[in-house]
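In: Predicted structure and sequence below. I'll ask about it afterward.
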Amino acid sequence: ATGSIQSRSVAPDSQPACKIGAMGNGPSTSSAVPTSPAPTPSASSAVPISPAPASKTRMKKKISAIGDDIRELDTVLQAWQDQRAEQRKALERLIDSLPERDGVVQHSPVEIDEGAPQVSIDDPCDRVARHSPVEVDEGARSRSLAIGVSMQYLADHFPTDLASALGRDASQKNFYDLEDSFWKCADPPGFLGSQQKKCPRDNRMGCALVDALEPCYQGQATHYVSWCWKYTVSCKLGALQRLLHRKHIDPREVFLWVCFWCNNQRLISIEKKSNGSDDLADIFKQRLKSIGNAIIVLDGYQNPYYITRIWTVYELFVISRLQDEVSVVMTMPEEAEQQLKDERVADLRKHVSGIDAATATATVEADEKKIKTEILATSGSFDGVNMVAQDLMKGLLRDCIFSESS
C-alpha cells in the first residue's frame, strides 16, 4: 500500500541458500554447508519505500505559498506606511509654508488629547465655535459633542413626537422628508424646539437635536450608528429594536451617536456653512475609537441600499481597519433577518458583490468627491476598499444567520 514498506514473498523452492560466514571481501570460513554465490542485488529486487503521500506534499506547498504571500503583504504594507508618512510630512511642510491671506492666520498643528471626546465628521460647530466672537463654555461644548440619543427615547417617544410635530403619522417618512419639514423650508421650525435653543457648541440659536432632549434621554455615546437617510422611520427604529431584543440589551443603557440627532442641522441644512466630509479621515476615526462600538443598519440584505452610498462604503472600510479597537454588529428589520436565516452561507457573497466605491454616490456632490479622494489616498485603489468592505459585510451577515433567535 502507498506510504508503507512493501515486502516481496519468495516461493520456497526458489528461496536462496543461507550464506554462513562473515560478510566481507574474503571467502567463507565454513565449508560444512555449500553455498552459492550471493545474488547481486538489483533495483528491481530492492524493497521499495513509497514516497510521502501526494496530499501532504500539496499541503506543504500551500503552506509555503501562504507564508510567501504573508511576507510579500508585510513588505507592501510597510512600503505603503512609509509612503503615507512621507506624504503627511510633505503636506505639513506645505501648510507651514503658506503665508497669511486676507487677515486669516494659518493654524499650526494642535496636539489632540486622545482621551477627550472628539468632534463628529458631520458637525462643523467645532470650527465655528473656535472663531466665533461669542464666548463658548468649553465644558458644555465638549459634552455636547460626546453625547448620544437614548434608545429608550427613540423607541418610546420619537414616533409620537414626530406625529405631533407634523400633524400626522410619520412612520413611513424617510429622514430626507424630515429634513425638508424641519430645516429646509421657510422659517424652519426645527424639531423638539431645537431652533429656539442656544447651541452649546457655538452659543448661537439653533442646536443639535440631542441638545434639545430632556437630560434623562442624553448620555455619553455608547454606539456609533452607520445608516442611510433614505430609510423610513419605521425601518430604522425596527432594525435598532430588533438588535436590542436579540442581544437582550436594556435600551436605557444605550446612547446612539446618529448624525441626524448629533450634528447641528441648522449649520448644515439651513446655513450650509459646511458639509459632512470636512476633516473626514482623522475626525471620523477618532469618533469611532472614542465610542468603541458600531452598529451597521440595513434596510434588507438583498441588494441593500446601504452598499450604494459612498458614505457608508467608506464607513465599512474604516470600521474594518479598526476592528481591534471597535466592535461592530449588524442589524436589519425582523422580517428581513428571518429571511436571511434561510440563506446558505456560501451564497452570501452575491448579496455584497455590488459594493463598488467607484460608482457609489452621495447626496452632496462635494462630499462624494472628497470621500473618494480620501479613499484613493488611503488605500490606493477602489478595488482594495471594495474587497475589504465585502469581506466585512459577508462576515456580519453570517453572524446574523447564526445569532440566537428571540
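Out: Now that the structure is in, tell me what you want to look at. This one's a predicted model, so the numbers in the text were calculated from it and none came from an experiment. Residues are numbered from 1 along each chain as shown.
In: next one: stretch 318-332 to chain centre, how far?
Out: With Cα atoms, centre = their mean, to the nearest Å as the basis, stretch 318-332 stands 4 Å off its chain's centre.
In: in that stretch, what counts as buried?
Out: Buried residues in stretch 318-332, counting neighbours by 16 or more other Cβ atoms under 10 Å, are found at 318-322, 326, 328-332. Any C-beta I mention is one placed from the backbone N, CA and C, and that applies to glycine too.
In: Just the ones of the residues you listed in helices?
Out: Residues of the buried residues of stretch 318-332 located in helices (DSSP state H): 318-321.
In: Go through these and name the one nearest Gly354.
Out: Using Cβ to Cβ, Ser320 is the member of those that sits closest to Gly354, with 17.1 Å.
In: tell me the pLDDT at the closest residue to that closest one other than its chain neighbours?
Out: The spatially closest residue to Ser320, leaving aside those adjacent along the chain, is Leu392, at 4.4 Å (Cβ to Cβ, 6 or more residues apart in numbering). In the predicted model, Leu392 carries a pLDDT score of 96.
In: thought Leu392 was touching Ile319?
Out: Yes: under the criterion of Cβ atoms under 8 Å, Leu392 is in contact with Ile319, at a separation of 6.9 Å.
In: Could you pull out the residues contacting both of those two?
Out: Common neighbours of Leu392 and Ile319 are listed as Val328 (criterion: Cβ atoms under 8 Å, 6 or more residues apart in numbering).
In: Please, which helix or strand holds the residue nearest to Ser320?
Out: According to DSSP states H and E, Leu392 maps onto helix 382-402.
In: buried stuff in that helix?
Out: By neighbour count with 16+ other Cβ under 10 Å, helix 382-402 contains the buried residues 382, 385-386, 388-390, 392-394, 396-397, 400.
In: quick one: least confident helix or strand in the protein?
Out: helix 125-131 (a mean of 45; mean pLDDT, DSSP states H and E).
In: Just checking, which helix or strand succeeds that one along the chain?
Out: With DSSP H and E, the next secondary element past helix 125-131 is helix 138-146.
In: now this protein, which segments are flagged as low pLDDT?
Out: Applying pLDDT under 70 to the chain flags the ranges 1-55, 58, 61, 65, 87-88, 90-134, 274-281, 404-406.
In: how far does stretch 306-313 stretch from start to finish?
Out: Stretch 306-313 has an end-to-end distance of 8 Å (Cα to Cα, to the nearest Å).
In: now stretch 179-188
Out: End residues of stretch 179-188 are separated by 10 Å (Cα to Cα).
In: List the buried residues in it.
Out: Those would be 179, 181-183, 188, for stretch 179-188 by 16+ other Cβ under 10 Å.
In: Just the closest of the ones in helices among the buried residues of stretch 318-332 to Ile295, please.
Out: Distances from Ile295 to those, taken as Cβ to Cβ, are shortest for Ile319 (10.3 Å).
In: Determine which two of the buried residues of stretch 318-332 are furthest apart.
Out: Spatial extent of the buried residues of stretch 318-332 (Cβ to Cβ) is set by the pair Arg321 and Met332 at 23.5 Å.
In: For the stretch 251-400 of the chain, which segments count as helices?
Out: Counting by DSSP state H, counting those that start in this stretch, the stretch 251-400 of the chain has helices at residues 259-262, 265, 280-291, 310-321, 334-340, 349-352, 365-379, 382-402.
In: And the ones you listed: which comes nearest Val76?
Out: Nearest to Val76, of all the helices of the stretch 251-400 of the chain, is helix 382-402, at 10.9 Å by Cβ to Cβ.
In: for the closest one, packing partners?
Out: When contacts are defined as 3 or more Cβ pairs under 8 Å, 6 or more residues apart in numbering; DSSP states H and E, helix 382-402 packs onto helix 310-321, strand 327-331, helix 334-340, helix 349-352, helix 365-379.
In: outside of that helix, which residues touch it?
Out: 296, 301, 307, 313-314, 316-317, 319-321, 328-332, 337, 340-341, 343, 345, 348-349, 351-353, 355-358, 372, 375-376, 379.
In: would you put the C-alpha positions of it in CSV?
Out: Taking C-alpha atoms only, helix 382-402 is exported to CSV below (Å, rounded to 0.1, in the frame of the first residue of the first chain):
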residue,chain,number,x,y,z
PHE,A,382,-11.2,51.4,-5.1
ASP,A,383,-10.8,47.6,-5.6
GLY,A,384,-9.0,47.3,-2.3
VAL,A,385,-11.7,49.1,-0.5
ASN,A,386,-14.4,47.0,-2.2
MET,A,387,-12.7,43.8,-1.2
VAL,A,388,-12.4,44.8,2.5
ALA,A,389,-15.9,46.1,2.7
GLN,A,390,-17.4,43.0,1.0
ASP,A,391,-15.5,40.7,3.4
LEU,A,392,-16.8,42.6,6.5
MET,A,393,-20.3,42.6,5.2
LYS,A,394,-20.3,38.9,4.5
GLY,A,395,-18.9,38.2,7.9
LEU,A,396,-21.6,40.3,9.6
LEU,A,397,-24.4,38.7,7.5
ARG,A,398,-23.0,35.3,8.6
ASP,A,399,-23.1,36.4,12.2
CYS,A,400,-26.8,37.3,11.8
ILE,A,401,-27.6,33.9,10.4
PHE,A,402,-26.0,32.1,13.4
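In: now the angle from that helix to strand 327-331?
Out: Angle, helix 382-402 to strand 327-331, by axes from the mean of the first three to the mean of the last three Cα atoms, to 10 degrees: 70 degrees.
In: Just the angle for helix 382-402 relative to helix 365-379, thanks.
Out: Using the same axes, to 10 degrees: helix 382-402 against helix 365-379 is 90 degrees.
In: Can you check what angle separates helix 382-402 from helix 310-321?
Out: Going by the same axes, to 10 degrees, helix 382-402 is angled at 80 degrees with respect to helix 310-321.
In: Run a quick neighbour tally on Ala377.
Out: 11 (other Cβ atoms under 10 Å).
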